[in-house]
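Peer 1: no FASTA, just this:
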Ligand SMILES: CC(=O)SCCNC(=O)CCNC(=O)[C@H](O)C(C)(C)COP(=O)(O)OP(=O)(O)OC[C@H]1O[C@@H](n2cnc3c(N)ncnc32)[C@H](O)[C@@H]1OP(=O)(O)O
Ligand SMILES: O=C([O-])CC(=O)C(=O)O
């Protein structure tokens, strides 16, 4: 059953065209350029999916090898950017760090012509993990890490820099899956931000910087961090149930549940949930995964609300030793592909996005001189 889409928040209004993805077309599915996300997550590496989204087709092995080589060669950070990152305090939010990092990159390596849109996007894909980890390790551990690793994937590059050692096969695979699931999602809030910015013929770094700001909020990408804060406060499944019932009674929003478009489920949830379960077994977890499952059961039973993509990402990332405040930046490392592809699509058939407002203010009135107010 499709969700009734009407009311505030531009819900249900077609705001433009896209050939990049379909969200909830039959009530629940998700496709990227016609491919089911489930199949992509099962068979592909993230770089293949980034290539698909950005360049329009799934790469051949030769195309993929060459693309990965190119991305690998772009991991380094300019000295001036490193200096900026070193000045950002340890208690800053990494999403703010990434927003600044992206903006600074735009100053140093600006998109001076739209002919460079593919190149500047690849550069961001390659170096966003470097920006996050360089700042994180410098501000938290006092070390200046080498960001130019030879890792075979973006996910492995990230985990290697974060933990100071190469990830195992399971963790690298989960990163592929996670980055694939987060890559693209039609006209969600952050992508729409990027498209509005693009419609003024602004540059790619401005579009992405704005999108990072939109993704940061807890109603959007920030929900994975908020979900983690919640589940780690529960000591057992029973405790989780008790607390959730209280939150529902108090009409609190529970992060990681519900969706603006999907009506019955978010197709990304069952995929990341399976990987979270595998990771739970791998680390011998007996609390976080059962707590998460109980939260899912309670929300469905009480409210018919289902987990969105963010909920089981929280436990999955936690099991891989990723600090909670880096969860949403990982989303950025992935969604950058969708944002950039939408910017390119907008540019290819552009009209400035400028909706109208329904005026609810005062009727026309005279200005009283300041001495008489
Ligand atoms: C990757 C992503 O960005 S996915 C989204 C991540 N965000 C979250 O997880 C934040 C929590 N979820 C929410 O805030 C919302 O479900 C959103 C923002 C995702 C969607 O918002 P909307 O489209 O406005 O929600 P929707 O219209 O379906 O809400 C219907 C009702 O369910 C309630 N509801 C929806 N989600 C939740 C929730 N997570 N917890 C409690 N109640 C909820 C709403 O308050 C609303 O109740 P009302 O009719 O009494 O006002
Ligand atoms: O589509 C949305 O509104 C939010 C979402 O799930 C996403 O951006 O991945």
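Peer 2: Done, it's in. Keep in mind the model is a prediction, meaning the values are calculated, not measured. Numbering: from 1, shown residues only. Ligands and ions are numbered 1, 2, ... in the order given.
Peer 1: If I look at residue 352, what pLDDT would I see?
Peer 2: Per-residue pLDDT puts residue 352 at 98.
Peer 1: Could I get the phi/psi values of it?
Peer 2: phi -60, psi 130 (degrees, to the nearest 10).
Peer 1: just the residues of the stretch 151-300 of the chain that are near ligand 2, which are they?
Peer 2: Proximity of the stretch 151-300 of the chain to ligand 2 is confined to 185, 188, 260, 261 under the rule C-beta under 6 Å from any ligand atom. Yep, even glycine has a C-beta here, placed from its N, CA and C like the rest.
Peer 1: of all those, which comes closest to residue 372?
Peer 2: residue 260 (48.3 Å; C-beta to C-beta).
Peer 1: Quick check: chain neighbours aside, which residue is closest to that closest one?
Peer 2: residue 11 (6.8 Å; C-beta to C-beta, 6 or more residues apart in numbering).
Peer 1: chain center to stretch 157-166: distance?
Peer 2: Relative to the centre of its chain, stretch 157-166 is centred 20 Å away, using C-alpha atoms, centre = their mean, to the nearest Å.
Peer 1: ugh, wrong one, I meant stretch 189-205
Peer 2: Using C-alpha atoms, centre = their mean, the offset of stretch 189-205 from its chain centre is 16 Å.
Peer 1: ok, residues contacting it?
Peer 2: Residues from elsewhere that reach stretch 189-205, judged by C-beta atoms under 8 Å, 6 or more residues apart in numbering: 15-16, 102-103, 105-106, 110-111, 117, 120-121, 124, 184-185, 187, 206-208, 210-215, 217, 219-221, 335, 338-340, 342-343, 346-347, 350-353.
Peer 1: Please repeat the previous calculation with a cut-off of 7 Å.
Peer 2: With C-beta atoms under 7 Å, 6 or more residues apart in numbering as the test, stretch 189-205 has contacts from 16, 102-103, 105-106, 110-111, 117, 120-121, 185, 206-208, 210-211, 214-215, 220-221, 335, 338-340, 342-343, 346-347, 350-353.
Peer 1: From these, which land in helices?
Peer 2: 102-103, 105-106, 117, 120-121, 206-208, 210-211, 214-215, 335, 338-340, 342-343, 346-347 (DSSP state H).
Peer 1: those strands in this structure, which residues are they?
Peer 2: 21-23, 30-32, 35-36 (DSSP state E).
Peer 1: Just name the most buried of these.
Peer 2: Comparing the strands of the chain by mean neighbour count (mean count of other C-beta atoms under 10 Å), strand 30-32 ranks first with a mean of 22.
Peer 1: Sheet-wise, list the partners of that one with their directions.
Peer 2: Strand 30-32 has its sheet partners listed here by DSSP bridges as strand 21-23 (antiparallel), strand 35-36 (antiparallel).
Peer 1: possible to save those strands as a markdown table with mean pLDDT and distance to residue 249?
Peer 2: Output for the strands paired with strand 30-32, formatted as a markdown table (pLDDT from 0 to 100; distance: least, C-beta to C-beta, whole Å):
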| stretch | mean pLDDT | distance to residue 249 |
| --- | --- | --- |
| strand 21-23 | 96 | 32 |
| strand 35-36 | 96 | 39 |
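Peer 1: Now for the residue nearest to the spatial centre of the chain: which residues touch it?
Peer 2: In the chain, the centroid-proximal residue (C-alpha atoms, centre = their mean) is residue 331; its distance is 2.7 Å. Contacts for residue 331 (C-beta under 7 Å, 6+ apart) come out as 182, 215, 221, 224.
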